[in-house]
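1. After the sequence you'll find the predicted model.
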2 protein chains.
Amino acid sequence: MLTSTDGEARRGEFHTPHGVVQTPAFMPVGTQGAVKALRHDDLEALGVEIILGNTYHLYLRPGHERIAALGGLHQFIGWDRPILTDSGGYQVFSLADRRTISEEGADFQSHLDGSRHLLTPERAVDIQAHLGADIAMAFDECLAYPATHEAAADSMRRSLRWAVRCRRRFEEVRGGASSGVLATNPGQALFGIIQGGLYQDLRDESAEGTVALGFEGYAIGGLSVGEPNELMYQVTEATTRHLPAEQPRYLMGTGTPLDLVESVARGIDMFDCVMPTRHARNGQLFTSRGRVNIKNAKYADDDGPLDPACGCYTCQRHSRAYLRHLYMAGEMTASALNTLHNLTFYLDTMRGIRDAIAFRNFEIFRQEFVRSASAPSCD
Amino acid sequence: MLTSTDGEARRGEFHTPHGVVQTPAFMPVGTQGAVKALRHDDLEALGVEIILGNTYHLYLRPGHERIAALGGLHQFIGWDRPILTDSGGYQVFSLADRRTISEEGADFQSHLDGSRHLLTPERAVDIQAHLGADIAMAFDECLAYPATHEAAADSMRRSLRWAVRCRRRFEEVRGGASSGVLATNPGQALFGIIQGGLYQDLRDESAEGTVALGFEGYAIGGLSVGEPNELMYQVTEATTRHLPAEQPRYLMGTGTPLDLVESVARGIDMFDCVMPTRHARNGQLFTSRGRVNIKNAKYADDDGPLDPACGCYTCQRHSRAYLRHLYMAGEMTASALNTLHNLTFYLDTMRGIRDAIAFRNFEIFRQEFVRSASAPSCD
C-alpha cells in the first residue's frame, strides 16, 4: 500500500501475516536462519522489520521438512517479524556443484555432502511453503553475465515458463490441493521475478509476462552481477515503469548505500544484500564520512568513534583504536560490533529515504547523499 | 570487607576504583580486551561485575604503552566496571616459544611474531600499571604438574623472592618514584600468589611468606593444572587457613560450577576460568539438568529450551533444535548464544552461593548443588 510518492520514489507499507513492513525497506540477510554475528534482539533493537532466509541452505540443512515439523521457519528460528525466502535458484547457480539445467528444473550436487537434488519450480514453491516465510520467491534461472541477446532471451523465457508453473503450484498449495506439502504460513505471498539481462526489450517482455500472471509483488533479478552501476540504474528505471503501482518492487541482491538511494529514485521498494554484514566481518565499514577500512594502521591510536554522526552501540561506546585491535586480534566481538554498525548505517539510510519521501524532499536528500557518498574514502 | 560467613564460606564486598565487587565472584575472561563472542553490554546485562584481562596478550598486542596513552585499559576497551589483570606469567609458560627462566625473570619469544621479550617481576608490575586494572597480580613462576618436592620448593621460593620484588616495585610506582611508568589507575591493588604445588608444607611456607609482604588480596596459583579434584580441594582448604580474614582470596583458573561451590566452602572469594566461554564455543553447555553437548543428533528435532530452569535470553527465546542447527552450520551467532547461556549459568551459581551464605544455608545449597551436578549428563 503506497502512502506517498515523490517523483518515482514511493513510500508505503507491505502487510504480512507477521506484521507490516515500512517501505522502502532493506532486508538483512539471515542465510541459515541467523544474520551472521548477531542475535535477533540485536536486529529488533536496530529496527529491522524483515529478514531474508536462503532456501538452498535451509533445504540442505537442517531441511525444510524438519523446519515445517518444528512449526515453520519463524517458529524454528524464534523470529516473529516478517521473513522473505529466496527460491534457492541463485545458490544452485553460484554454490552447488555439477548442476545441469533442463526445462524440468535444476539438477545439482549439495556443496555440503555431494548428494544429488532436483529443484524444480514446483519443488521450490513446496519447499518455501514448508518454510512458511511471509514472502516466497518464484524459481528462476540465473543468467551468467555478460550474456548474448539470444542467451538472455532463452533464459528469460524459460524463467517466464517456470513462473507460470510456480504460480500454478502456489495456488494449488494455497487451495489445499497439494497433499504432502506442509504449508506453515497460510498467508504467504509469492513474488514474480523479472529477468532479461541488460536488454531492455527482454526486460519489457519479462515484465509484461510476469505481471500478467498476477503476483503479490515483483522482483528485478539478474542485476548487481558485475554490470556498470549506470546500466543497472537504467534497466531498473525502465523496468519499474511496467510494474503495477500498488504492488511492492524488490531489487534483488543490491547493493551499496548509494545504490539503494538511486534505486528508490527509480521506483524500488525493497532490497537485500550481504554487503553490510559481509563487509563488516572483513573490517570494511560504512560511515557518514566515507568507507573506513578498520585494519588500517592509522586507526591504532585513534580514540575517536568510528562515525561521529552514528548513534549505534559501537559508535557510542567504542573507539576506532579498540575496533582495530579487536579486528587484528581476530576476536568474534569485532564482527558483532562491526555488523551492528554497518546495519545501522543501512537502516538509517532507509529511514532517511522514507522520511524524505513522506516530506516530499527526496530529491534534496538524494543529492546530499550522492555528494557525501562521492567524498573520498577515509583511508 | 566480609558481610557474613557461613562455616568457611564468606560473603563480602571488594571495593575498587571502578566500583564494588560482590563476593564470592566469578570473573569472565576477556583475554584481549573482550569476552569472546560477547559485547560489554551483554556482560552488564548478565550482572558481570568484574572481568579479567591477560597481560601477556595485551602487552604484545596492542601494547601496554599504547593502551596507557589511550587512557588505560578501562578507557581503551570502554568498560567502566572493575578489571583484574594477570601478570603475564601463565601465558609465558603456556603460550610463548623458547622461554628461559632465570632469577631475573622469564625470557621468551612472542607467539605472534617471534620477537624476544624479558618479563621480570618489576616489568610485570610496570606493564600492569600502564594497563591500570583495579587488581594487578604478582609475577610468579608456574610450576609444571606433576613436580617433585624439590622442584616445587625451588619454584615456590623463587616466586616468593619475585613477590618481594613485585611488592617493592608496586610501592615505588604508587609513590611516584618510577619515572617512565605511566600508571593509569592510582587506586590499583596488587594481589600476591601462593604456590607450592600439591605439597602442603610448601603451601604453608608460601602462604606465610606472601602474607608477610602485605598484599591487598591473595591468590592461590598452580591448582587446576590436572590434579584430582579432591587434592585441589584439600590444598585450598588447608591454604586459606593461613590467609587474613579481611582480604579477598582468589583461586586462579578454576573451574567447573561444582569446583566453585566446593571452593567457596573452603573459604575462596574469587574465581576466573575460560571454561564457560570456551565450552560454549565448542557446544558444551551447562544446565540445571547436567551437561548438554549441543552437537548431539538427538537435539535436531528438540523444540524445548536448552535449560527450562534458565532465564537467559538463549533459553527464553530459542530451542535446542535451533541452537544445534546454528552450531552445525558454523554460525558465529551460536557462539554468542551459547556463551550468554554458559555465563548465565556461572553467574546464577554465584548469586545462589552469595544468597545462601547471607541466609546461612550454604551447606544445604551445596548439598543440593552436588546432587544435581552429580546427575548423569543429558547426553
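-> Received the coordinates, thanks. Numbers count the residues shown, from 1 in each chain, chains lettered A, B, ... in the order given.
2. Is it correct that residue A:375 is in contact with residue A:287?
-> No: Residue A:375 is beyond contact range of residue A:287, at 10.2 Å (criterion: Cβ atoms under 8 Å). Yep, even glycine has a C-beta here, placed from its N, CA and C like the rest.
3. which one of the two has more residues nearby?
-> Neighbour totals were compared for residue A:375 and residue A:287, and residue A:287 leads with 20 against 11 (other Cβ atoms under 10 Å in any protein chain shown).
4. Next one: that one relative to residue B:259, how far apart?
-> 46 Å (Cβ to Cβ, to the nearest Å).
5. again, but for residue A:232
-> 60 Å.
6. Likewise for residue A:18?
-> According to Cβ to Cβ, residue A:18 and residue B:259 sit 45 Å apart.
7. Looking at those two, which is more packed in?
-> The neighbour count for residue A:18 versus residue B:259, taken as other Cβ under 10 Å, is higher for residue B:259 (22 against 19).
8. Chain B contacts on the stretch 151-300 of chain A?
-> Applying Cβ under 8 Å from any Cβ of the partner chain, we find that the stretch 151-300 of chain A lies next to chain B at residue A:300.
9. Now the stretch 151-300 of chain A against chain B: closest residue?
-> In the stretch 151-300 of chain A, the residue that lies nearest chain B is residue A:300 (6.5 Å; Cβ to the nearest Cβ).
10. likewise the stretch 201-350 of chain A?
-> Per Cβ to the nearest Cβ, residue A:333 is where the stretch 201-350 of chain A lies closest to chain B, at 4.1 Å.
11. the longest strand in chain A is where?
-> Looking across chain A with DSSP state E, the single longest strand is strand A:9-16.
12. Can you name every helix or strand that that strand contacts?
-> strand A:2-6, strand A:19-23, helix A:332-358 (3 or more Cβ pairs under 8 Å, 6 or more residues apart in numbering or on different chains; DSSP states H and E).
13. Okay, buried residues for the longest one please.
-> The neighbour-count check on helix A:332-358 (16 or more other Cβ atoms under 10 Å in any protein chain shown) flags A:332-350, A:352-354, A:356-357 as buried.
14. what element comes up after it heading to the C-terminus?
-> Moving toward the C-terminus from helix A:332-358, the next helix or strand (DSSP states H and E) is helix A:362-373.
15. pLDDT averaged over that next one, what's the number?
-> Helix A:362-373 comes out with an average pLDDT of 94.
16. now the angle between strand A:2-6 and it, please.
-> 70 degrees (axes from the mean of the first three to the mean of the last three Cα atoms, to 10 degrees).
17. what sits against the residue of the stretch 151-300 of chain A closest to chain B?
-> A:321, A:324-325, B:62, B:66 (Cβ atoms under 8 Å, 6 or more residues apart in numbering or on different chains).
18. And those residues, which two are furthest apart?
-> Using Cβ to Cβ, the contacts of residue A:300 span at most 10.7 Å, a distance reached by A:324 and B:66.
19. Among these two, which residue is more densely surrounded?
-> residue A:324 (25 against 16).
20. got a list of contacts for the one helix or strand the more buried one maps to?
-> Element membership of residue A:324 [criterion: DSSP H and E] is helix A:320-328. In this structure, residues lying in contact with helix A:320-328 by Cβ under 8 Å, 6+ apart are A:283, A:292, A:294-296, A:299-306, A:314, A:333-334, A:337-338, B:32-34, B:61-62, B:66, B:70, B:76-78.
21. Determine the three-state secondary structure at the spatially closest residue to residue A:197 that is not a sequence neighbour.
-> Distance criterion Cβ to Cβ, 6 or more residues apart in numbering or on different chains; nearest residue to residue A:197, sequence neighbours excluded, is residue A:152 at 3.6 Å. Recorded secondary structure, residue A:152: helix (DSSP: H, G, I helix; E, B strand; the rest coil).
22. contacting residues around residue A:152?
-> Counted by Cβ under 8 Å, 6+ apart, residue A:152 has contacts A:143, A:195-199, A:202.
23. pLDDT averaged over stretch A:161-168, what's the number?
-> Rounded mean pLDDT across stretch A:161-168 is 98.
24. Burial check on residue A:244, number of neighbours?
-> By other Cβ under 10 Å, neighbour count at residue A:244 equals 11.
25. if I read this right, it contacts residue A:211, doesn't it?
-> Yes: shown here, residue A:244 and residue A:211 form a contact pair, counting by Cβ under 8 Å, at 6.4 Å.
26. what pLDDT does residue A:237 get?
-> 98.
27. was I right about it contacting residue A:267?
-> Yes: contact criterion Cβ under 8 Å: residue A:237 and residue A:267 qualify, at 7.3 Å.
28. So which residues of the stretch 1-150 of chain A form strands?
-> A:2-6, A:9-16, A:19-23, A:25-27, A:51-53, A:83-85, A:97-101, A:106-109, A:116-119, A:135-137 (DSSP state E, counting those that start in this stretch).
29. hang on, the earlier thing: turn the helices and strands packed on strand A:9-16 into TSV, columns for distance to residue B:89 and mean pLDDT.
-> As requested, the helices and strands packed on strand A:9-16 are arranged in TSV below (distance: least, Cβ to Cβ, whole Å; pLDDT from 0 to 100):
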stretch	distance to residue B:89	mean pLDDT
strand A:2-6	65	96
strand A:19-23	55	98
helix A:332-358	26	98
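30. ok, the residue of chain A positioned farthest from its centre - contacts?
-> Distance to the chain centre peaks in chain A at residue A:301, reaching 36.6 Å (criterion: Cα atoms, centre = their mean). With contact taken as Cβ under 8 Å, 6+ apart, residue A:301 is in contact with A:321, B:66, B:69-70.
31. and the residues you listed, which two are the farthest apart?
-> Largest separation among the contacts of residue A:301 by Cβ to Cβ: A:321 and B:69, giving 9.6 Å.
32. which one of the two has more residues nearby?
-> residue A:321 (22 against 16).
33. Report the separation between that one and residue A:338.
-> Taking Cβ to Cβ, one finds residue A:321 at 14 Å from residue A:338.
34. so where's chain A shaky on pLDDT?
-> A:376-379 (pLDDT under 70).
35. So which residue is smack in the middle of it?
-> Nearest to the geometric centre of chain A sits residue A:272, at 2.0 Å (Cα atoms, centre = their mean).
36. give me phi/psi at it?
-> Main-chain torsions, residue A:272, degrees, to the nearest 10: phi -140, psi 150.
37. Ok, the one 5 residues further on next?
-> Backbone torsions of residue A:277, given as degrees, to the nearest 10, read phi -80, psi -40.
38. again, but for the one 3 residues further on
-> For residue A:280, the backbone dihedrals (degrees, to the nearest 10) come out as phi -60, psi -50.
39. Next, count neighbours for it.
-> So residue A:280, with other Cβ under 10 Å, has 27 neighbours.
40. Check the one 10 residues further on too.
-> Other residues lying near residue A:290 total 16 when counted by other Cβ under 10 Å.
41. in terms of contact, does it touch residue A:375 like I think?
-> Yes: under the criterion of Cβ under 8 Å, residue A:290 makes contact with residue A:375 at 5.1 Å.
42. Need the CA coordinates for stretch A:179-199. CSV is fine.
-> The C-alpha trace of stretch A:179-199 is given here as CSV (Å, rounded to 0.1, in the frame of the first residue of the first chain):
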residue,chain,number,x,y,z
SER,A,179,-1.3,-33.2,-0.2
GLY,A,180,2.2,-33.8,1.2
VAL,A,181,3.0,-30.1,1.3
LEU,A,182,3.0,-28.9,4.9
ALA,A,183,2.3,-25.2,4.4
THR,A,184,3.2,-23.5,7.6
ASN,A,185,2.0,-20.0,6.7
PRO,A,186,-1.4,-19.7,5.0
GLY,A,187,-0.9,-16.0,4.3
GLN,A,188,2.3,-16.5,2.4
ALA,A,189,2.7,-14.2,-0.7
LEU,A,190,4.6,-15.1,-3.9
PHE,A,191,6.7,-12.6,-5.8
GLY,A,192,7.5,-13.0,-9.5
ILE,A,193,11.0,-12.2,-10.8
ILE,A,194,11.7,-10.2,-13.9
GLN,A,195,14.8,-11.3,-15.9
GLY,A,196,16.2,-10.4,-19.3
GLY,A,197,19.8,-9.4,-18.6
LEU,A,198,20.7,-5.9,-19.7
TYR,A,199,18.5,-6.0,-22.8
